[in-house]
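Asker: 3D model of this:
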Amino acid sequence: MKGVLLAGGTGSRLAPLTAVTNKHLLPVGHEPMVFHPLRKLQRAGVTEVLLVTGREHMGDMIELLGSGRDLGLSLTYRVQDEPAGIAQALSLAEVFAAGSLLAVVLGDNVFEDELAGPCARFREQGRGARILLKAVPDPERFGVAEVREGRVTRILEKPERPPSDLAVTGAYFYDARVFDLVRGLRPSARGELEITDVNNAYLAAGELEHEVLAGWWTDAGTFPSLLRANALALGYPPPDGLG
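Answerer: Residues are numbered from 1 along each chain as shown. Take a look at the predicted model:
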């Protein structure tokens, strides 16, 4: 299994902090945000990792992470020339993947659970896709899964009226067919290739499995969620009103 760390985007919701640096280099706890998902991959035994980021701050990423040796990783880098969605960023990993199973993590996701268990279960699954869910107080900010009788029945992207409180977190597991599915996508109303559409394609094929995280999880892409991520990473209770 190989890893893909997606750390692109403009970080516009964290402006003006992101006027001078990639949001994934902002601090969460005692270290840069990007260290958190990378350490999760390393501890799960996924040590060959492709990091995808934008052209403006690629140099900063390389200066910080280098070859990945200090984190016990072997890092490869790809530039996403312009933000065109998570699925488009993932498509840049096709040559790197070389037919392997993939563990894909968004660089602004910070979570308590380790990835070793989901990685092992996806290796046993052997094909299709696996997603990780978490109950949240504000599901309308995320892709939301409806689960009935232990199976995901649909996934909606940022719905105004969420069918559940189960957010699709930024950790996904795919077989190599994911790249064929991405090629078949059409841009959403936002002009992006949506990862929700990839997950729904696997769902339609009957090849999507899921599990629900037991520990805390947050993204860190807004000021409130960045504050929450810092509190959780440092072992403090999250601020009032932030879950």
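
Asker: what's the strand ranked longest in the chain packed up against?
Answerer: Scanning the chain for the longest strand, with DSSP state E as the assignment, gives strand 166-174. With contacts defined as 3 or more Cβ pairs under 8 Å, 6 or more residues apart in numbering; DSSP states H and E, the packing partners of strand 166-174 are strand 102-106, strand 109-111, helix 116-125, strand 129-135, strand 143-148, helix 195-204. (Glycine included, C-beta is placed from N, CA and C.)

Asker: got these as JSON lines, with mean neighbour count columns?
Answerer: Formatted as JSON lines, the entries for the helices and strands packed on strand 166-174 read as follows, by neighbours: other Cβ atoms under 10 Å:
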{"stretch": "strand 102-106", "mean neighbour count": "25"}
{"stretch": "strand 109-111", "mean neighbour count": "23"}
{"stretch": "helix 116-125", "mean neighbour count": "16"}
{"stretch": "strand 129-135", "mean neighbour count": "22"}
{"stretch": "strand 143-148", "mean neighbour count": "19"}
{"stretch": "helix 195-204", "mean neighbour count": "21"}
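
Asker: which stretch among these comes nearest residue 57?
Answerer: Ranking these by proximity to residue 57 (Cβ to Cβ) places strand 102-106 first, at 16.2 Å.

Asker: Sheet-wise, list the partners of the closest one with their directions.
Answerer: If you go by DSSP bridges, strand 102-106 pairs up with strand 2-7 (parallel), strand 166-174 (antiparallel).

Asker: Measure how far the longest one is from the centre of its chain, please.
Answerer: Spelled out, it's strand 166-174. Here strand 166-174 is found 7 Å from its chain centre; the criterion is Cα atoms, centre = their mean, to the nearest Å.

Asker: Same check on the first one?
Answerer: In terms of Cα atoms, centre = their mean, the centre of strand 2-7 is set 8 Å apart from its chain centre.

Asker: can you give me the helices in the chain?
Answerer: For the chain, the helices defined by DSSP state H cover 35-43, 58-65, 86-91, 94-97, 116-125, 178-183, 195-204, 223-233.

Asker: Can you give me every residue that contacts the residue lying closest to residue 183 once chain neighbours are set aside?
Answerer: Here the nearest residue to residue 183 in space, its sequence neighbours aside, is residue 91; by Cβ to Cβ, 6 or more residues apart in numbering that works out to 7.5 Å. By Cβ atoms under 8 Å, 6 or more residues apart in numbering, the contact list for residue 91 reads 179, 182, 183, 193.

Asker: Of those residues, just the buried ones, PyMOL syntax please.
Answerer: In PyMOL syntax, the buried subset of those is picked out as below (16 or more other Cβ atoms under 10 Å):
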select buried, resi 179+182+193
